[in-house]
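Trainee: dropping the sequence and predicted coords here.
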Amino acid sequence: MNRDVKEITDWLEQFRGQELVITKLEQQDEDLTQVQLKEVSLDTPAHAQDDDYIPQYELVLHGDGIVMNENQAPLPGKKYEIPLQGDWQSSIEESTLHLTTDRAEYTITRQ
């Protein structure tokens, strides 16, 4: 079932102060990121209405985090951005959120 943006941000808000693991699958490349969630925001990038390449919204998860690649680097800017553009789908299953956009598939799980 597709959820609207408010339902998604409300669902994420309940996990403030908790650790989330984000799995992003894009063109057969999988990235894992851990975030200690401090805040959730929905941003509208500048010029989003003028440019089809710029997403209409960005779901932003703020907090300390680690990009869990070979080197385990700190999360840049202490935020994780998910562009919501075009036709995207979402579903929620207890402690897991699934988002599918035109560019990638995201799974956000509370640890």
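Mentor: Looks like it came in fine.
Trainee: next secondary structure after the longest strand along the chain?
Mentor: For the chain, the strand with the greatest residue count under DSSP state E is strand 29-43. Counting by DSSP states H and E, the next helix or strand C-terminal to strand 29-43 is strand 57-67.
Trainee: tell me what that next one is packed against?
Mentor: Contacts defined by 3 or more C-beta pairs under 8 Å, 6 or more residues apart in numbering; DSSP states H and E place strand 57-67 against helix 5-13, strand 29-43, strand 73-74, strand 79-84. Quick note: C-beta positions are derived from backbone N, CA and C, even for glycine.
Trainee: just name the most buried of those.
Mentor: Comparing the helices and strands packed on strand 57-67 by mean neighbour count (mean count of other C-beta atoms under 10 Å), strand 79-84 comes out on top with a mean of 19.
Trainee: quick one: strands adjacent to it?
Mentor: strand 57-67 (antiparallel) (DSSP bridges).
Trainee: what's in contact with the strand it pairs with?
Mentor: For strand 57-67, contacts defined as C-beta atoms under 8 Å, 6 or more residues apart in numbering pick out 5, 8-9, 12, 20, 22, 31-45, 48, 72-76, 78-85, 99, 108.
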